[in-house]
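[1] coords please:
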Amino acid sequence: MRPGPLNLITDVAGLRVGNAHDGGLKSGVTALTAGAPFAAAVHVMGGAPGTRETDLLAPDRLVQAVDALVLSGGSAFGLAACDGVADGLRAAGRGFAVGDARVPIVPGAILFDLLNGGAKDWDLNPYPALGRRAFHAADTRFALGSAGAGTGAMTANWKGGLGSASAVLDNAATVGALVAVNAVGSVTAPGGRFWAAPWELGDEFGGLGLAGPFDPAHEPLPQKRVGEATTIAIVATDATLDKAGLSRLATAAHAGLARAIVPSHTPYDGDLVFAVSTAARPAADPFALSHAAACVLARAIARAVWSAAPAPGDLQPCRAPAG
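    So this is what the prediction gives:
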């Protein structure tokens, strides 16, 4: 297993990611799209999810492909970011055909960043406009850390952020992950080493070495604080998978979330994972794909926090050294 050329989810050929954010708001939106509709599924393990149109991702639903997926800050207000992405898709002539009408299919999920120090006293919900900007910004290269949906994210002890990583398997299939980390839990052990260190490739999040074992007697679990809740992610592959197979891939990817964040899937977090297939390659060994999805998501989570940058009004420090 090796990283793809960009070490981003867009190493899965055909996928594009766009970010939009507002520094004063300390929040933003990340949109994943492609030149054609793609199959998707979702699995939720957190106790407090916020979602839009995820019911239609079940294998037995009529619509078998989506036009985009959205990760957003803003709690329930952020679900409106999907409206902006849908508007951009509609203007481009995209969407599920119903007679002469086209209806863009844009599932989304949100994290809670309303109490992170940003200005949230808006009169008009800013998230539809952010969603449309994110859609139009979609490209194969995009910023990590304090960008898009990760702009105002926090964790138990460090600033959170937006992360991504990829892997090319021995069978030539590619698996990638995209994640906005805003967790109740911590991504590092005492001393600052990442829980995800065993899966690091090269020094993609500092090469700091392995964290020691978790000792509940000396390392009490983080306490819930305002502004920290929910890690939302997308894993993607170019191997052909139907919605049932993608549901299993999303489920397996949660293992990577649990490896990288302690604790994860709490009653306060809305932790969820979307899974995507572009079906550009033949079906691959589901065991290898599932293992890769978990590893890539763990790496992406650590990269999110390692890539975060300081900004005025931050309530938490950044893990990476300044400069």
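[2] Which elements pack onto the longest helix along the chain?
    Ranked by number of residues, the top helix in the chain under DSSP state H is helix 286-306. Applying 3 or more C-beta pairs under 8 Å, 6 or more residues apart in numbering; DSSP states H and E, we find helix 286-306 packed against strand 161-168, strand 174-181, strand 231-239, helix 243-260. Where C-beta positions appear, they are placed from N, C-alpha and C, glycine not excepted.
[3] who's in contact with residue 135?
    Residues in contact with residue 135, defined by C-beta atoms under 8 Å, 6 or more residues apart in numbering, are 18, 31, 33, 68, 84, 85, 88, 89.
[4] Am I right that residue 126 is in contact with residue 21?
    No. Under the criterion of C-beta atoms under 8 Å, residue 126 makes no contact with residue 21, lying 10.2 Å away.
[5] what touches both of the two?
    With C-beta under 8 Å, 6+ apart, residue 126 and residue 21 have common neighbours residue 27.
[6] thinking again about what came up before, can you give me how far the longest helix of the chain is from the chain middle?
    11 Å (C-alpha atoms, centre = their mean, to the nearest Å).
[7] ditto for stretch 15-24
    With C-alpha atoms, centre = their mean as the basis, stretch 15-24 stands 12 Å off its chain's centre.
[8] mind exporting it as PDB, just the C-alpha atoms?
    What follows is stretch 15-24, C-alpha atoms only, in PDB (Å, rounded to 0.1, in the frame of the first residue of the first chain):
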ATOM      1  CA  LEU A  15     -13.400  13.000  -8.200                       C
ATOM      2  CA  ARG A  16     -13.000  16.700  -7.400                       C
ATOM      3  CA  VAL A  17     -13.200  18.600  -4.100                       C
ATOM      4  CA  GLY A  18     -14.000  22.200  -3.400                       C
ATOM      5  CA  ASN A  19     -13.700  24.300  -0.300                       C
ATOM      6  CA  ALA A  20     -15.300  27.600   0.800                       C
ATOM      7  CA  HIS A  21     -15.000  29.200   4.200                       C
ATOM      8  CA  ASP A  22     -15.400  32.500   6.000                       C
ATOM      9  CA  GLY A  23     -12.700  33.400   8.500                       C
ATOM     10  CA  GLY A  24     -15.000  35.700  10.600                       C
END
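[9] got the phi/psi numbers for residue 98?
    phi -130, psi 90 (degrees, to the nearest 10).
[10] quick revisit: what angle separates the longest helix of the chain from strand 174-181?
    Interaxial angle of helix 286-306 relative to strand 174-181 (axes from the mean of the first three to the mean of the last three C-alpha atoms, to 10 degrees): 40 degrees.
[11] List the buried residues in helix 286-306.
    By 16 or more other C-beta atoms under 10 Å, the buried positions in helix 286-306 come out as 288-306.
[12] Kindly report the same for stretch 123-138.
    126-138.
[13] Stretch 207-215 now?
    By neighbour count with 16+ other C-beta under 10 Å, stretch 207-215 contains the buried residues 208, 211.
[14] try stretch 274-285
    Taking 16+ other C-beta under 10 Å as the criterion, stretch 274-285 shows 274, 275, 276, 277, 278, 279, 281, 284 as buried.
[15] Tell me the pLDDT of the first one.
    For residue 274, the model assigns a pLDDT of 98.
[16] State the distance from it to residue 235.
    Going from residue 274 to residue 235 by C-beta to C-beta, to the nearest Å gives 7 Å.
[17] same check, this time on the last one
    According to C-beta to C-beta, residue 284 and residue 235 sit 14 Å apart.
[18] same deal with the fourth one?
    The spacing between residue 277 and residue 235, counted by C-beta to C-beta, is 10 Å.
[19] Same check on the second one?
    Going from residue 275 to residue 235 by C-beta to C-beta gives 5 Å.
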